[in-house]
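Visitor: Can you look at this prediction? I've put the sequence above it.
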Amino acid sequence: MKVTKRQLRAIIREERARLREDAIDTELKNLKKNVANDLDHIKDLKDDVEDDHEEELRAEKEKRKDETRFAELAGLPLQEQASGMSSGQSRAIGDLAYQFEDEINARMGSEDRNWYKNDDVMLAILEMLDGLKETIQQYGKM
């Protein structure tokens with residue numbers, strides 16, 4: 001069977017197109033694989049940051065407990081006793097402050113890692129805290 005030049009050119013064009021499609025498919029598969037690997041890496045980094053943050057929180061809490069224990073064992077006057085609060089109340093308030101700070105950082109950080117550099121965000125948080133302060137002060141008037 002003889003193949004004409006025209007038929008040969010058509011065959012070559014078809015094969016060239018098929019090879020290009022195969023190359024594009026291979027490249028797309030590689031890109032998808034890279035994206036999946038990058039997403040896994042980002043997730044791992046996020047988990048590491050969260051674990052580090054939780055460890056810092058635990059260490060800070062333990063430090064506060066140790067300082068309180070030391071003051072009690074040393075017989076030093078505790079600030080709580082001077083203010084008329086029990087040591088449990090003082091610890092509870094310290095824990096609330098710590099948890100509140102942690103919650104603000106976690107929630108704002110999930111939207112923008114550098115949220116604390118944004119003046120509008122900081123102003124809104126301070127206004128919210130002022131409102132909370134006014135609400136708590138109302139409890140004292142009841």
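Guide: Yep, that arrived.

Visitor: helices or strands up against the longest helix seen in the chain?
Guide: Counting by DSSP state H, the longest helix found in the chain is helix 5-74. Packing partners of helix 5-74 (3 or more Cβ pairs under 8 Å, 6 or more residues apart in numbering; DSSP states H and E): helix 87-111. C-beta coordinates here come from the backbone N, C-alpha and C atoms, glycine included.

Visitor: now the helix it packs on, how far from the chain's geometric center?
Guide: The chain centre lies 15 Å from the centre of helix 87-111; the measure is Cα atoms, centre = their mean, to the nearest Å.

Visitor: what ranges of the chain fall below the confidence cut-off?
Guide: Residues of the chain meeting the criterion pLDDT under 70: 71-83.

Visitor: rewinding a little: relative orientation of the longest helix of the chain and helix 87-111 in degrees?
Guide: Per axes from the mean of the first three to the mean of the last three Cα atoms, to 10 degrees, the angle that helix 5-74 makes with helix 87-111 is 170 degrees.

Visitor: tell me the phi and psi of Arg113?
Guide: Torsion angles at Arg113 (phi, psi; degrees, to the nearest 10) stand at phi -60, psi -30.

Visitor: so how far is Phe70 from it?
Guide: Distance of Arg113 to Phe70, given as Cβ to Cβ, to the nearest Å: 36 Å.

Visitor: and what of Ile11?
Guide: 88 Å.

Visitor: just Ile136 next, same as before
Guide: Distance, Ile136 to Phe70, using Cβ to Cβ: 30 Å.

Visitor: Same check on Lys133?
Guide: Applying Cβ to Cβ, the value for Lys133 to Phe70 is 31 Å.

Visitor: ok, back up a step: so how far is the longest helix of the chain off the chain centroid?
Guide: Offset of helix 5-74 from its chain centre (Cα atoms, centre = their mean): 16 Å.

Visitor: One more: stretch 115-135?
Guide: Put simply, stretch 115-135 sits 20 Å off its chain's centre (Cα atoms, centre = their mean).

Visitor: Which positions within stretch 110-126 qualify as buried?
Guide: Neighbour-count burial for stretch 110-126 flags Trp115 (criterion: 16 or more other Cβ atoms under 10 Å).

Visitor: Many thanks, we can stop here.
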